[in-house]
Structure formats: C-alpha cells, structure tokens
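Peer 1: what would the 3D arrangement of this be:
(chains A and B)
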Amino acid sequence: MSTSQDANDWEGRYYHIDQILDAPGPRTDEGFMAGDGVKDFLRNQAKILVIGAGGLGCEILANLALTGFKDIHVIDMDTIDISNLNRQFLFRPKDVGKSKAIVAAEFIMNRVPGVKVTPYFGKIQDKDDNYYLQFNLVICGLDSVEARRWINATLVNLVDPENPESLKPLIDGGTEGFKGQARVILPTITSCYECSLEMLNKPTAFPICTIANTPRLPEHCIEWASVLEWPRIHGDKKMDTDNPDDISWLYNVAAARAKEFNIEGVTWSLTQGVVKNIIPAIASTNAIIAASCCNEAFKIATSSAAYLNNYFMLIGTEGVYSYTFEHEKKSNCPVCGGDSLPLTINPETTLEELIEMLTERQDIQIKNPSLSTASKQLYLRAPPQLEEATRPNLAKKMSELIPGGGDVVVTAGTLPFNLSLDISFK
Amino acid sequence: MNDSQPLENATTSIQVPSGAPDAKTRRYDRQLRLWAASGQAALESARLLVIPASATATSVMKNLVLPGLGHFTLMDDKKVTGADAGNNFFLDGMKSIGKSRAEEGVQGLLELNDGVEGVADVRDVKEVLKSHREWLKSFDVVIAHNVDSNVLDDLADLLWPGTHLVVVNSAGFLAEFSIHYQEHQIVESHSETAASLRIDKAFPALLDYAMSLSLETMDITDHAHIPYPVILVRALEEWRREREQVSGPSSGQGAPSTAAEKKAFKERIRSMMRKFDEENFEEAESQAYKCWTTTGIPSEVKELFTLYPASESSSSTFPALVSALFQFAQNNPASPLYTSGLLPLTSTLPDMKSSTDEYVKLQRMYRAQAETEKTVFKQYLSKTQVAVDEATVDTFLKNAHALKVLKGRPWKATNPGPAEVLANKLTSQPRETATHLALAAARSLRVKGVLPALELDSDATKDITMADALDKDRLKDLLTAEVKTFLPPGTALPEEEWDVASGEIARAPSADLPTTAAFLGGLVAQEIIKMITKQYVPISAGNATSDADDQLGVCVVDLVETWTAVI
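Peer 2: Got it, this is the predicted structure:
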C-alpha cells in the first residue's frame, strides 16, 4: 500500500488521475516527482483556498475534491438565493437562505469521502496575512472586481523574496453569459489582476441629467425610480434589491414614468436586472472556466504538466472561440510594478478635478481616493477632522498645491495598496 | 412624507400587475436573460440520449439538467467501478460501486432539478442497435462519449440526418468533440452587429421630417435635441442636392467617398452647430460614417437566397421566410427611391443624445415604416402557402440582417476526415490537427484491439493492467503508424506537434480526468443548448452557402497549454 492511501480510498479510486501522476508526459517539468512523491503532496500536504462558493465556486470545489486535493478552505459572504439554483449545483431549494460556503462544504464532504472542506461564512477582508500564508494556492471564483483587487494586492504584498513559500499562485476565473476567462497570476512574477484592469468593460452609467430630464430608454425610467425617487420617498430606508416588494415598487414607479413619457419596455425583469446589475450566468460557462482554473491548480500543485501562461479567454456566442495569450506585466502597475504612473495635467486643474479624472480612468478605477505627497496631505477622507482640514484644497489648483509637480500618493479605503502618480504640468 | 401622495396615486392609477415572476422564472432568471422564454421552451421539450454514464457524459448532462432540459435517457450496461466512483461527481462515491452506472448516474443528475425527466437504460448500445433502431431515432440529440468507432459508425449512419449526434472523445489532457448535422438554421444569432438605420437610404417620412426642420430658427434647446439620424439624413440630403445642383429632392444616391469629402462632410455637420457644445451634433459627427456605409443585403443573407430559391415551393417555415425576404429584397414598394436591395426595416433604435419627445417621435417614424414594410413582406410570405404566426415573423424580421445557416459533416467524414483536407490542415493548424489525428489514431487502435476498449467492467482489472503495461514509446510508434494511414502517402507530420500530441495520448490513453470532463461538460452542453434553442452560433463545418470544404467542424481541446480550436 502506498503512502498516499488513506482509509477512505478504495481500489481504483485514482485510476484516471494516476495515469497523469505515475509518469511524465511530453510537456512535464523535470522537477516532477512521479508516483508516491507527488501523490503524497497532493493528497496529504497541499492546502488550497477557494474564494467564492457561487457559480464558479461550486464547480471549483467539486473539481478539486475529485482531483485529489483533500484540504480545501472556502470563503463566501453570501447566502443562497433561488436564482442560484440554475447553476450552483451543490444547493437545493431547501438550502435557500443558508450560507453558501457552509452548505457547499458539507455537500462536498458527503459526496467525496476523505476530503476536508473548511468553510468561512464572511468576507475575505476579515482574514489577515497569516491566514493567507497557510495556503499553497488560491483560486478565485468571484463576481466582484473590488474583491479581486483586494485579494490580488494582498497576495502580491505577501511575497517575501527571501521566502519562496510566500509566493502564492492566484488562479482567477470569471464568466458572463457565454463568455469567460481564466488566468494564472504568479504574484510579482507575472502580470497581476491590477495590471489588466483596463481590459474590463466599462460599466454602463447613465448621465443623471438624462435620467432626470430626458429619459429615452426603459432603463432611464428604472434608474429614475431607484436613484432619484427611492431616496425622495423612502428617505434613509435602504433599498433591498433582493426583496421582491422593493423591486415591485421600483417597477411600478418606473412603469408610471415610462407611460408618462411614452417609453415602452419597462418590465419587472428588466427593473430587477438594472437595479441589481444582473449578469446572465449559466452552468455550462461556469463549468468550463472552473474546470480550467482547477486544471491549472492541479498542474501547478503537481508539476505534472506545463500550466497556462497566463490568460485564457473564451467567447462562446459564435462557435467556440478562445484565445490564449500572455498578458504583460505593467511596469507602473500600482500593485506589482515599481514605477509611478506618469500623469501630465493642466496647471489650472484643481485637486477636485484631478480626483474626478482618477475616478473615471479605466486603468485606475479608484473610488473615494485620498491624496498626499511625501510632505503634505492634499485631501484625506478620514478621520473627519483631517477631512475638514484638507477640504479647502479641493478647490485649489494643482500648480498651487505642488508647484513643481512630483510624486503624489493615492490611497483608497477599499484597496490595500497605494497608487503613485508622477505629476507634471503641461 | 407628504411628497409621496401624488406619486402613490400615479402608481396605483396605471393598474399594472405587480409583475413579480413566479418561482420557475426566478430559478431560471439568469439564463432567461440569454435565451428568453422561447429558448427555454425549446430546451424543455428536447429529448436527449446519452451514452454511457462516464464522468464526461454526466458532466455534459449536469449542465443541461440544471437549466431545465426536457428529457434524457442515460444508457449504460456497466456496473460502477472504483475508478468511476473516483472520478464521477454524480455517483455516490464508494456506495455506488457495483451498482448500475446508468441508474446511479440518473439518480445523481435528477437531484439537480426535479423539473427534468431522466431515465436509466441498462442495455448495451450494441444490442439496441440490433433490436430497437427506430427508437434510437426518436431522440433530438444523441451524445456519445468515448464510444468505440465501429459502434459510432453504425449509430451515426442510423441517426443522420434527423437526430443530431454529438461525439466526444477524451484522453488525459486532450479532447475533441463534434456535432453531426446536415444543416442548422439560425434566426436569433444574437449578432453584435446592429441592423442598419438606413441613413443613406432614408425612408420618405424620415427624409421629409429631416428636411422640414428650420435648423437656423428653431428654438435653441430643441436644436440641441435633434437625434443624430435626423441630422445625418438632413446633412446627406443637402450634400446630394448641392452635388446634383438641384433645389428640390435629390436622386437619393451618392455619398462622400474620398477622404477629403468625408472630412468636409464632418465639417459640414460641425458647422450646423449653433452652440459649441451641442452633444447631438458631436454624436452625429462621430456617426457620420453611417452616411457612406451603404445599406444593402449582407452577403451572408444574399447567399441564402440561392440556398432557398424563391421558385422552389417549400413546406417549411425557414425557407418560406427566406424566399419572402428574397422577393422583398427585389421589390419593396414601401421605399420608393430604393425599391430593391433592402431588408425590411427594424424599429430598434439605439440610445442617442436627444430629448424624450424627439426620441419617441423618431422611434414612431421607424416603427410606422417597419410596420408598412412588414405588410409588404407578409404579402410575399402569403404566396408561399406556409402559415407563419406573427411572433415568428417579428423575430425573423428583427434578425433578418444576421440570419445564419450552417453546415455540418457526417461522423465518418470527420473521423479522421478527408486525407487532403488533413494534409492541408497539418500545415495551417499543426498542433490542432496533430491533436485531432492523435485522438483519431487512438480510436482506430481500439477498434483493432491494440488498445483496450475504454468501457471497462468492474472486474476488468486485467484490461487496466494491459493499458498500463503497453510501453509508452511503443504506443507512440503505433499511433504514428496508424496516423500515416489517414494521410496522403508521404505526408510529413509536424515533428514537435505530433510528438506532443501522441505523447499525451500515450501517457494517459484511457484517463477521463475530472477537470477535462468538467471542461468538456461545459463546452459540449453549451453547443447543445445553442443547437436546441436555435439561438447563438454553434460550431460548424462552415456556412451552408459556402462551397469551401476545408473545415471539419471538430472542436479540439488541449488542457496543458489550455487552448481550444475548431478545425
């Protein structure tokens, strides 16, 4: 009996996987320890973290368990909704309302004996560096850009050049309808999530004057209902987009406005889609992308074959079109690059205008930033005393605040990193 | 909260139903946003047969059961082995060992959605092919994973062309699949190309409206709210009148064509601005290319007119619709200046800088014209003697600019494929073709008994050792010898690519890896959904109208470098 056998294993359990683990293939690294060595590492030592137990997460957990990972942790702050059941296949109608992480973990442990899945029902930001240091690999199946930026920056910051163990490969997947992508990030070595921020589609934003004065599309009426009418009527009461009553209220208000303006097409479903920013999601696309993520995790953990370098993009709307390429590291990436981002501005630009410019830039996407130089606080959001003290700067010209230009550090509460700007004047 | 009173009155007075969706719609919400109720209905009435209950086949089914497929039959005469229990998530681990694979698999799949009907069939497909051939043809789609080629040959001949056959093959990190159909018609291709707004061939009401505006004297706020199509139609008509030196209507022909003319035309639009920041005119300038993008029949649609000749009386809907479209394209009296060469107008307008009133006014002009042209279209359609309901006509007209008809190949024409085609492909797509050939060679060796069959019984450990014992270098040599029989004599194999592809097969000739299975499960299910819903565009051997015969329509997958390709 080999060392990798445990009480839960049965004859032939790893017949398929072991064809890979027992012998190298044509594209296998020389460091591959075929046989018991690699099996022992995969099944008894490797510890892997899955972030997200939703559409991708359910698939990822099932794949990892069958592949032979036995110590899996999963984090998700969400609870199960009925609309998850068309793809999140570890959940049943009876589970609606329960924690995704906990239900998914239980399901996997029942179905695949010998696999330990440790759930955490909460936010990734609750955990510290020591927590993340315990894993060999991290796989993300998230639908939030913010969360991805946070974990990406956290894992890049974790890298200690003196300690190779501190480099945690990050495998990230994402889907939208028939499209998706999977990528491998080796923090500080390859391009990171922040390096590719500008590849994201710009979110649809409707100008407030269109919403208020010249609605043309049903979406404009829905935005009017949610952005302007809800706070006007309900005051501080928070809108709960998961509550059908709230959606019905918005729908009725939007439909009335549409009728007034002769606009067609406001439906309950569209209302819900607009206010929740719903992205279509199906089991099959999640299966492809999650499988790709887990396949990379398996290859990296075992060295049994070369792994993705470093980006796989799939477009399934017209045939099966995919594109595999190496996304380049950005030298002025605020997370993994060393250089500051050069920015030439008009000397007349006020600090407030600069902040607006930063918020709108696709490659920066920073919300509510604070700015300072090495010697001076330009504008800080918190604490309130400092906010008040620095607020007058907003109206000042940049050429007054930093006469010769130079380095400005931008921070935002939601992101665990600083962005360095190298400002010069036109 | 005094403010709320009038609004609540307004809300209750319009008497809309609350509109909140039922439980089923909520469950399927995220997919209905892709394929709508029509796609869902098609999915719910589809019947599939799946052979056998392997990890890959059950993964495909998982992705079809979850969105609510109608019926599936899982056919497998084998018992669950330890290997099956280890790589198939839809079996119940060790508890399933020794039980029927079909029955255990169906149970695991049905847990996912109680709206789906699933039946286990414990017969051997070879027996069914002898005794119940007609029954096999009762399915819409048959999926076969790693089924021996000789069985597939018989099955494929039987099913062609009425039932679509999906063949999936995998070994370790390599895989391929193909869908065998004769022709596949798509109305709702969900093309990202929008239908033309006909700026260059404005319909009378739009042209009249554009020319009726007193641009210099109208209210300045209204001026800043003229939608860009109106501005462009006006600017183009003025340009045409000047060029033709007429004071009345132009001939409606011609558009700026040289770079200088286009530049001047954009300046003309700029000069129409009465204030420097009129965003509608800025938008018109950025959309000016629509004046010199000739509206016509897209070539792919034009080719369909030859595929379904109008003279040929047809009893089915799609050819009838295409034939009516052809007649419309030849004579559309609703568009006097441009009676030929146009598709019926669609009333879908994009958003644009404009006031509500102007936008709605424009929308109504387009809608009225679209209705008139639909009437013309329906007159042509009525001559075909095929009854088509209104909703089908509407969907067809809305998508007429992006119709697609694909062709497929029979299974035997892709396994491995015509020698000359393969030889060419080895040059143009070496790694993809080498992978396809390696998988085809392995199939061939299995039929010859050199490689053991993939479907093993629970007591077939002898066969497992036989696979393991076959020396990998020897197997690579056998694959190389076999592949040469597929190619024209003397064809050179791309050395590196062949070494990689044959080496991967030799490493794991019978491995149905969980991740490869899941990846294929997603890809194959996706294509089946596209076939069943007739929405979006599945893989094919090309457009049905194309004479080119150089595509096999096989999707090849390599999960080491992580790529997919259709060859």
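
Peer 1: which residues of the stretch 151-300 of chain B lie near chain A?
Peer 2: B:G172, B:F173, B:S189, B:H190, B:H225 (Cβ under 8 Å from any Cβ of the partner chain). C-beta: built from backbone N, CA, C; applies to glycine.

Peer 1: the lengthiest helix in chain B packs against which elements?
Peer 2: Taking residue count as the measure and DSSP state H as the definition, the longest helix of chain B comes out as helix B:356-382. Packed against helix B:356-382 by the contact rule (3 or more Cβ pairs under 8 Å, 6 or more residues apart in numbering or on different chains; DSSP states H and E) you find helix B:204-212, helix B:228-244, helix B:317-330, helix B:390-398.

Peer 1: quick one: that helix to helix B:228-244, angle?
Peer 2: 80 degrees (axes from the mean of the first three to the mean of the last three Cα atoms, to 10 degrees).

Peer 1: and helix B:356-382, what's buried?
Peer 2: By neighbour count with 16 or more other Cβ atoms under 10 Å in any protein chain shown, helix B:356-382 contains the buried residues B:356, B:358-360, B:362-363, B:365-367, B:369-370, B:372-374, B:376-378, B:380-381.

Peer 1: with stretch A:207-221 instead?
Peer 2: Buried-residue list, stretch A:207-221, by 16+ other Cβ under 10 Å: A:T210, A:I211, A:T214, A:P215, A:R216, A:L217, A:P218, A:E219, A:H220, A:C221.

Peer 1: determine which two of the residues you listed are furthest apart.
Peer 2: Taking Cβ to Cβ, the two most distant members of the buried residues of stretch A:207-221 are A:T214 and A:P218; they sit 14.0 Å apart.

Peer 1: what is the least confident helix or strand in chain A?
Peer 2: The element with the least model confidence among the helices and strands of chain A, by mean pLDDT, DSSP states H and E, is strand A:415-425, at a mean of 86.

Peer 1: residues making contact with that strand?
Peer 2: Residues lying outside strand A:415-425 but in contact with it, judged by Cβ atoms under 8 Å, 6 or more residues apart in numbering or on different chains, are A:146, A:149-150, A:153-154, A:156-157, A:194, A:334-335, A:340-347, A:364, A:366, A:369, A:398-399, A:402, A:405-411.

Peer 1: are any of these buried, and which?
Peer 2: A:149-150, A:153-154, A:156-157, A:194, A:334-335, A:340-341, A:343, A:345, A:364, A:366, A:369, A:398-399, A:402, A:405, A:408-411.

Peer 1: in JSON lines: the residues of the stretch 151-300 of chain B next to chain A, plus pLDDT and neighbour count.
Peer 2: Formatted as JSON lines, those follow (pLDDT from 0 to 100; neighbours: other Cβ atoms under 10 Å in any protein chain shown):
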{"residue": "B:G172", "pLDDT": "96", "neighbour count": "24"}
{"residue": "B:F173", "pLDDT": "98", "neighbour count": "29"}
{"residue": "B:S189", "pLDDT": "95", "neighbour count": "20"}
{"residue": "B:H190", "pLDDT": "95", "neighbour count": "17"}
{"residue": "B:H225", "pLDDT": "95", "neighbour count": "19"}
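
Peer 1: secondary structure added to those, as TSV?
Peer 2: Formatted as TSV, the entries for these read as follows, by DSSP: H, G, I helix; E, B strand; the rest coil:
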residue	secondary structure
B:G172	coil
B:F173	coil
B:S189	coil
B:H190	coil
B:H225	coil
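
Peer 1: can you map out the strands along the chain?
Peer 2: In the absence of a named chain, chain A is used. The residue ranges that make up the strands of chain A, judged by DSSP state E, are A:47-51, A:71-76, A:116-121, A:137-141, A:170-176, A:179-185, A:311-315, A:321-325, A:341-345, A:370-372, A:377-379, A:406-412, A:415-425.

Peer 1: I was after chain B.
Peer 2: Counting by DSSP E, the segments of chain B that form strands are B:47-51, B:71-75, B:117-121, B:141-145, B:164-171, B:174-180, B:183-186, B:404-407, B:554-558, B:563-566.

Peer 1: for A:I278, which of these is the nearest?
Peer 2: The closest approach between A:I278 and any of the strands of chain B, judged by Cβ to Cβ, belongs to strand B:183-186 at 25.4 Å.

Peer 1: now that closest one, how far from the chain's geometric center?
Peer 2: 9 Å (Cα atoms, centre = their mean, to the nearest Å).

Peer 1: with stretch B:368-376 instead?
Peer 2: Taking Cα atoms, centre = their mean, one finds the center of stretch B:368-376 at 28 Å from the center of the full chain.

Peer 1: distance of the residue nearest to the spatial centre of chain A relative to B:D351?
Peer 2: Nearest to the mean C-alpha position of chain A, counting by Cα atoms, centre = their mean, stands A:R148 at 2.9 Å. Using Cβ to Cβ, to the nearest Å, one obtains 30 Å as the distance from A:R148 to B:D351.

Peer 1: kindly report the same for B:R198.
Peer 2: Taking Cβ to Cβ as the measure, B:R198 and B:D351 are separated by 18 Å.

Peer 1: B:F265 too?
Peer 2: When distance is defined by Cβ to Cβ, B:F265 is 24 Å away from B:D351.

Peer 1: please apply the same query to B:Y366.
Peer 2: As for B:Y366, its distance to B:D351 is 14 Å (criterion: Cβ to Cβ).

Peer 1: the nearest residue to A:L56 once chain neighbours are set aside: how many residues sit nearby?
Peer 2: Nearest in space to A:L56, with sequence neighbours left out and distances taken as Cβ to Cβ, 6 or more residues apart in numbering or on different chains, is A:G141 at 2.7 Å. A:G141: 28 surrounding residues under other Cβ atoms under 10 Å in any protein chain shown.

Peer 1: what does the stretch 1-150 of chain A have sitting close to chain B?
Peer 2: When proximity is defined by Cβ under 8 Å from any Cβ, the stretch 1-150 of chain A lies next to chain B at A:10-17, A:19-20, A:23-27, A:59, A:62-63, A:65-67, A:82-83, A:85-87, A:89, A:92, A:111-113.

Peer 1: buried only: go through these for me.
Peer 2: Neighbour counting with 16+ other Cβ under 10 Å marks A:10, A:12-17, A:19-20, A:23-27, A:59, A:62-63, A:65-67, A:82-83, A:85-87, A:89, A:111-113 as buried within the residues of the stretch 1-150 of chain A next to chain B.

Peer 1: quick check: phi and psi on A:E328?
Peer 2: Recorded main-chain torsions at A:E328 are phi -80, psi 140, according to degrees, to the nearest 10.

Peer 1: need the contact list for the spatially closest residue to it that is not a sequence neighbour.
Peer 2: The spatially closest residue to A:E328, leaving aside those adjacent along the chain, is A:S191, at 5.8 Å (Cβ to Cβ, 6+ apart). By Cβ under 8 Å, 6+ apart, the residues touching A:S191 are A:I185, A:N310, A:Y311, A:E326, A:H327, A:E328, A:K329, A:K330, A:C333, A:C336.

Peer 1: A:T188 now?
Peer 2: Residues in contact with A:T188 (Cβ under 8 Å, 6+ apart) are A:V156, A:V159, A:L167, A:C336.
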